[in-house]
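J.: below is the sequence, then the predicted model.
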Amino acid sequence: MLGDTSISRTGLKMLTAGILIASAPFVGTTLAHSVREHAYERVADRSIELQKAIGKYERAHGSPPEILQQLVPEYISSVPSTGLPACPDFSYSKIGYRMRGCWELSLRFTAPQYGDEFVYGPSGEYMGEFDPGTFRKISDWIYVVHD
């Protein structure tokens, strides 16, 4: 009987190790997505004053600024950083060709592992501009997955 208990304990240890090894990529991926999503939520929060400044400028001048520096110092003390070392500056486009607004803020990741982007448009109307299933909302922004 002692031999049977030893075998079952060894088998149980091997089974547990196998489960841990098999689940490690899933847990790691899930954790990475959670950390990334939290970082994007912080970027969205950091952009609020910038969004407001663009709106004030647009109301005062009839159109959004050509570049974000036009907001300084009258509408905002300085153009904020995204807070992300890999992508420290907001990209800004006055055209807003993808959304029903005339400007957009975005983060575009050029590193090979990050071909995705994080986009904000003042109208918040993202449906129809991107293929269903390729984006998800995070705050008032969307995270767009490019395959």
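T.: In hand now; what should we look at? Numbers count the residues shown, from 1 in each chain.
J.: which residues of this protein score low on pLDDT?
T.: 1-7, 11-33, 96-101, 109-115, 126-133, 146-147 (pLDDT under 70).
J.: try 50
T.: Within the chain, the segments meeting pLDDT under 50 span 1, 23, 26-31.
J.: where exactly do the strands run in this protein?
T.: With DSSP state E applied, the chain shows strands at 91-93, 104-108, 117-120, 135-138, 141-144, listed in chain order.
J.: report the buried residues of the first one.
T.: Judged by neighbour count (16 or more other Cβ atoms under 10 Å), strand 91-93 contains these buried residues: 92, 93. For the C-beta atoms, the positions are set from N, CA and C on the backbone; glycine is no exception.
J.: what helices or strands is it leaning on?
T.: strand 104-108 (3 or more Cβ pairs under 8 Å, 6 or more residues apart in numbering; DSSP states H and E).
J.: pull the CA atoms of the strand it packs on into CSV?
T.: Output in CSV follows, covering the C-alpha atoms of strand 104-108 (Å, rounded to 0.1, in the frame of the first residue of the first chain):
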residue,chain,number,x,y,z
GLU,A,104,-9.1,62.8,-33.1
LEU,A,105,-6.5,61.9,-30.6
SER,A,106,-4.7,58.6,-30.8
LEU,A,107,-1.8,56.5,-29.8
ARG,A,108,-0.2,54.4,-32.5
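J.: need the contact partners of that strand.
T.: 43, 47, 50-51, 82, 84, 87, 90-93, 96, 98, 117-122 (Cβ atoms under 8 Å, 6 or more residues apart in numbering).
J.: and if we set it to 6 Å?
T.: 47, 87, 90, 91, 92, 93, 96, 117, 118, 119, 120, 121 (Cβ atoms under 6 Å, 6 or more residues apart in numbering).
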